[in-house]
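Engineer: take a look and give me a structure for this.
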Amino acid sequence: MAWLYLFLAGLCEIVWAVGLKYTEGFTRLGPSAVTVAAMVLSFYLLALALKSLPIGTAYAVWTGIGVVGTSILGIVLFGEARDASRLFFIGLIAVGILGLRAHGTH
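Structural biologist: Numbers count the residues shown, from 1 in each chain. As a prediction, the model looks like this:
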């Protein structure tokens, strides 16, 4: 269950990171409420995952999911750069996440 919690925490991190763009400095109530709720849920799920996963592994995977997902959504939603080198390095982060998961809790 810890890996599922961690994955869901990473998805929530993507939601709140992208949500920050829509809050306009927390001046828009709806996007601000969604963003804060996603932040709280992300930290809660991370805390649940940390009951049985090592902190270094869990934190790296959590932030990695957030970085990859937020970067992809930045490209799709906001027209951010999609040059080959950027995509390559985002891919390296994704490979790192998979590598950490493959090695479990060791």
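
Engineer: quick one: contacts for residue 47?
Structural biologist: Neighbouring residues of residue 47 by CB atoms under 8 Å, 6 or more residues apart in numbering: there are none. No exception for glycine: its C-beta is placed from N, CA and C like everyone else's.

Engineer: please report phi then psi for it.
Structural biologist: phi -60, psi -40 (degrees, to the nearest 10).

Engineer: most distant residue from the middle of the chain?
Structural biologist: The outermost residue of the chain relative to its centre, with distances by CA atoms, centre = their mean, is residue 27 at 23.4 Å.

Engineer: can you tell me the helix or strand for it?
Structural biologist: If you go by DSSP states H and E, residue 27 is not part of any helix or strand.

Engineer: do a quick rundown of the helices in the chain.
Structural biologist: Along the chain, counting by DSSP state H, helices occupy 2-23, 29-49, 55-78, 84-102.

Engineer: show residues contacting the last one.
Structural biologist: When contacts are defined by CB under 8 Å, 6+ apart, helix 84-102 is touched by residues 3, 57, 60, 61, 64, 65, 67, 68, 71, 72.

Engineer: where in this structure is pLDDT low?
Structural biologist: Residue ranges of the chain with pLDDT under 70: 104-106.

Engineer: look up the closest residue to the residue nearest the centre of the chain, ignoring the ones flanking it.
Structural biologist: Most central in the chain under CA atoms, centre = their mean is residue 66, positioned 1.9 Å from the mean C-alpha point. Take residue 66 and drop its neighbours on the chain: the residue closest to it by CB to CB, 6 or more residues apart in numbering is residue 13, 3.6 Å away.

Engineer: now the one you found: how far from residue 84?
Structural biologist: 26 Å (CB to CB, to the nearest Å).

Engineer: higher neighbour count, the two?
Structural biologist: residue 13 (25 against 7; other CB atoms under 10 Å).

Engineer: and the more buried one, how close does it get to residue 93?
Structural biologist: 13 Å.

Engineer: what of residue 34?
Structural biologist: 25 Å.
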